[in-house]
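**Q** Here is a sequence together with a model predicted from it:
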2 protein chains.
Amino acid sequence: MPKPRQEAMASPSATGALKPQRRSYSIGELSRLFEVTPRTIRFYEQEGLLAPERRGQTRIYHEKDRVRLKLTLRGKRLGFTLAEIREVIELYDAMPDGNARQLQRMLEILSAKRAEMQARLEDIRLMQQELDEVENRCRSVLEQLDRRDVT
Amino acid sequence: MPKPRQEAMASPSATGALKPQRRSYSIGELSRLFEVTPRTIRFYEQEGLLAPERRGQTRIYHEKDRVRLKLTLRGKRLGFTLAEIREVIELYDAMPDGNARQLQRMLEILSAKRAEMQARLEDIRLMQQELDEVENRCRSVLEQLDRRDVT
DNA sequence: TCCGCACTTTACGTTAACGTAAACTTGGCG
DNA sequence: CGCCAAGTTTACGTTAACGTAAAGTGCGGA
């Protein structure tokens, strides 16, 4: 996996309350910012993950779109499909007009997602354990080699 | 995502030191155990992730294969490709004949994987934060509705 | 005015990770 | 013996998530 530069790594600030706050971005700027191709960004729009403003036929992205893209890419890194991510994102900002029934449904979905994240956390924990084991075996073999060289 | 039953959820025991310890599994048993299709298991073999014994033309899986499959599925849940997983698995047990050069390379790869896991952890943390936020907004809207109903 | 660059749409191509169907063998059992 | 369930190979199909190429639009600068 290639190395991210700007947005890709988490910044210390929590929820982007007071960030650069650029008014808008072109598709090219946004693509460089997150190290994805314009094609990818257009594809995400087509899949209902983004909905940029249009000036003529040109797309104009704002903070809201930037946040959505960030969420999308984060979701992808966690192995979610675009459809699943869209589900969460739709929750994220389709709320003001929510009736109680809808909101209850949301809470259920949130709870499910939360459980998934917990499961992933456990996966990571176990994976790290195995990395530890391999590393230990690896180092012990290296030690053996050293000892043999010295004696 | 479908719900796992047996092996899929992490058991309390750490590294399978003293598990059921069945001698062997058929492809069907293994597939039920992990809730994947036989086709998937054969595909993983074709991709170099499994290498079961053969009795005639029939595949026989042992503990080693079970562990590999478990690692593979765990990797998948974390969004790794089969190729990446194979890389790790090859490290996992192609070590005895390692020269120092090889072992150093392994340690590098391990370090890289470790960094990736850390990044994923951070992703999860952020994702959980956002789930919290959405839930809070959700609950506050519900509260408003309640208040309105009561008054 | 013309250039070049960044943007656009349309459409076909590609890769990973399996699903699905067909046709074949094989071991146990009534 | 006959048959069924569970295994096998071979091969083509499918879906998600983009890549890539072609052809057109819009605009700020020399």
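**A** Structure's in. What do you need? Because the structure is a prediction, the values reported are computed rather than measured. Numbers count the residues shown, from 1 in each chain, chains lettered A, B, ... in the order given.
**Q** same for the longest helix anywhere in chain A, what does it pack against?
**A** For chain A, the helix that runs over the most residues, judged by DSSP state H, is helix A:100-150. With contacts taken as 3 or more CB pairs under 8 Å, 6 or more residues apart in numbering or on different chains; DSSP states H and E, helix A:100-150 sits against helix A:82-93, helix B:63-77, helix B:82-93, helix B:100-150. In short, each C-beta sits where N, CA and C put it, glycine included.
**Q** Out of those helices, which is closest to DNA strand C?
**A** Minimum separation from DNA strand C across the helices and strands packed on helix A:100-150 (CB to the nearest atom of the strand) falls at helix B:82-93, 3.4 Å.
**Q** Assumed residue A:54 was part of a strand.
**A** Yes: the assignment for residue A:54 by DSSP: H, G, I helix; E, B strand; the rest coil puts it in a strand.
**Q** distance of it from residue A:143?
**A** For residue A:54, the distance to residue A:143 (CB to CB, to the nearest Å) stands at 64 Å.
**Q** Show me how chain A divides into domains.
**A** Chain A breaks down into these domains under automatic domain parsing: A:1-8+A:20-94, A:100-151.
**Q** Now tabulate those domains in a markdown table and tack on mean pLDDT.
**A** Shown next, in a markdown table, are those (pLDDT from 0 to 100):
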| stretch | mean pLDDT |
| --- | --- |
| domain A:1-8+A:20-94 | 87 |
| domain A:100-151 | 86 |
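**Q** Is it possible to get a markdown table of the ones you listed that adds distance to residue B:87 and mean neighbour count?
**A** Converted to a markdown table, the domains of chain A look like this (distance: least, CB to CB, whole Å; neighbours: other CB atoms under 10 Å in any protein chain shown):
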| stretch | distance to residue B:87 | mean neighbour count |
| --- | --- | --- |
| domain A:1-8+A:20-94 | 12 | 16 |
| domain A:100-151 | 12 | 14 |
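**Q** Let's have the ones you listed in CSV, adding distance to DNA strand D.
**A** CSV is the format used below for the domains of chain A (distance: least, CB to the nearest atom of the strand, whole Å):
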stretch, distance to DNA strand D
domain A:1-8+A:20-94, 3
domain A:100-151, 15
